[in-house]
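# pasted the sequence and its predicted model underneath.
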Amino acid sequence: MIPKVRSWKRDTVAELEAMINSGSTLAVIDIHGVPAGSMIGMRDSLRGDMEIRVAKKQLMRIAWKNAGLEEADLETLFESAVQPAIVSTNKMNSFNLFTELKKTEAGRAAKPGDIAPHDIIVEKMDTGMPPGPIVGELNSVGIPAKIMKGSVQIQKTTTVLSAGDVFEGDMGMMLSKIGINPIVTGLKLCGALEDGVVFAPETLDIDYEQFNTDVISYAAGAFNLACNIAWFTKQTMPTLLAKASSEALAVALEISHESETTMPHLVSRAHGSAMGVAGQLDSAALDEELQALLGAAADAAVAAVASTSASDAPAEAEEEEEEEEEEDAGFGGLGDLFG
């Protein structure tokens, strides 16, 4: 006798199958520990970008198989899920989906029986809390606290729990009072399937700011390397031509090659050398033109020095005025003293 399958199960499988077939990106999320009220709010906020469906694992497996997908892929996605749900979207790739779901995560205070997801470290700090029974309560759970300068301060950095340890007693509540809420709740992505490839959460967790910085750094390094080995491309040619032009000009000036480009530089250099030699000669050996040029150069130097001195003068004048005011004030005080 063939057992009857309840209609709601058939309907659930059909809906799951339709949802799976409609999405280009599929994922399994873990909703364990998410309060019902928060879950409703999260689903409503994400409804426009993705579809989320909660069902029993066996029904998900049947729908997944009916959709023609590899059962092994689903089992891989199920591995880290305590209470799984299937996500389907046509608007996001796996990376976008991970980023969007991560926004739903938030920390909460640990409860007795919760497992530490990582080492729980309490840093040495000033809690800002006023003196009170909290000092004894913190010490009772292994957090060294003391009253200093009118507030409760943690005396030293302490690891109160290691990853995998179980929270007991008031530990979670005490940590929450000093701002440590280690239990993360939210729609945790366990993995995604896109174009037949299964992506683990670790692969999808990208620091996009650091990624952009790295790309810019790598591009700059590649550009510098290309320029250093004279690799001719559309991007490097302007820099290579500018570098070649600068080096050619330097060589031409070094050998005093006369050209339309080098002549202004050569004449300026010769003029500077001539003025340097003329400045070392006796004035009787100079004609009127050289004397005039040297005089103009000297006047320009004097003007520059005068300009610098003028800019410093107001500050000195102000200091002298302040000193005079102080002397006057002192004299008036003595006059008052002697009647």
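Yes, it's here. Treat the numbers as computed from the prediction; the structure is a model and nothing was measured.

# all strands of the chain, in order?
Under the criterion DSSP state E, strands of the chain are mapped to 25-30, 51-54, 84-89, 106-108, 120-122, 125-126, 145-148, 151-154, 158-161, 183-185, 188-194, 197-199.

# as a markdown table, the ones you listed with distance to Ala244, mean neighbour count and mean pLDDT would be great.
For every residue, glycine as well, the C-beta is placed using N, CA and C. Conversion of the strands of the chain to a markdown table gives the following (distance: least, CB to CB, whole Å; neighbours: other CB atoms under 10 Å; pLDDT from 0 to 100):
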| stretch | distance to Ala244 | mean neighbour count | mean pLDDT |
| --- | --- | --- | --- |
| strand 25-30 | 51 | 24 | 95 |
| strand 51-54 | 60 | 17 | 92 |
| strand 84-89 | 53 | 21 | 95 |
| strand 106-108 | 59 | 14 | 84 |
| strand 120-122 | 58 | 18 | 93 |
| strand 125-126 | 59 | 12 | 92 |
| strand 145-148 | 68 | 15 | 91 |
| strand 151-154 | 63 | 17 | 92 |
| strand 158-161 | 61 | 16 | 92 |
| strand 183-185 | 58 | 16 | 84 |
| strand 188-194 | 48 | 23 | 94 |
| strand 197-199 | 47 | 16 | 95 |
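
# between the ones you listed, which gets nearest to Leu290?
Evaluated over the strands of the chain, closeness to Leu290 peaks at strand 125-126, with 75.9 Å, by CB to CB.

# still on that earlier bit, dump the strands of the chain to JSON lines, plus distance to Thr236.
Output for the strands of the chain, formatted as JSON lines (distance: least, CB to CB, whole Å):
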{"stretch": "strand 25-30", "distance to Thr236": "39"}
{"stretch": "strand 51-54", "distance to Thr236": "49"}
{"stretch": "strand 84-89", "distance to Thr236": "42"}
{"stretch": "strand 106-108", "distance to Thr236": "49"}
{"stretch": "strand 120-122", "distance to Thr236": "49"}
{"stretch": "strand 125-126", "distance to Thr236": "52"}
{"stretch": "strand 145-148", "distance to Thr236": "62"}
{"stretch": "strand 151-154", "distance to Thr236": "56"}
{"stretch": "strand 158-161", "distance to Thr236": "53"}
{"stretch": "strand 183-185", "distance to Thr236": "48"}
{"stretch": "strand 188-194", "distance to Thr236": "37"}
{"stretch": "strand 197-199", "distance to Thr236": "36"}
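
# those: which one's closest to Asp114?
Asp114 sits nearest to strand 183-185 of all those, at 5.5 Å, using CB to CB.

# so how far is that closest one from its chain's centroid?
In this view, strand 183-185 has its centroid 23 Å away from the chain centroid, taken as CA atoms, centre = their mean, to the nearest Å.

# show residues contacting it.
33-35, 38, 105-111, 114, 117, 172 (CB atoms under 8 Å, 6 or more residues apart in numbering).

# quick one: strands adjacent to that strand?
Paired neighbours of strand 183-185 in the sheet (DSSP bridges): strand 106-108 (antiparallel).

# so which residues make contact with the strand it pairs with?
Contacts of strand 106-108 (CB under 8 Å, 6+ apart): 181-186.

# can you do 10 Å?
33-35, 38, 114, 172, 176, 179-186 (CB atoms under 10 Å, 6 or more residues apart in numbering).

# swap in stretch 62-72?
Contact partners of stretch 62-72, identified using CB under 10 Å, 6+ apart, comprise 9-10, 12-23, 26, 53, 55-56, 61, 73-77, 86, 193, 196, 198.

# go again using 7 Å as the cut-off
13, 16-17, 20-21, 61, 74 (CB atoms under 7 Å, 6 or more residues apart in numbering).

# quick one: buried residues of that stretch?
62-64, 67, 69 (16 or more other CB atoms under 10 Å).

# in those, find the pair that's most separated.
Farthest pair in the buried residues of stretch 62-72, by CB to CB: Ile62 and Leu69, 11.6 Å.
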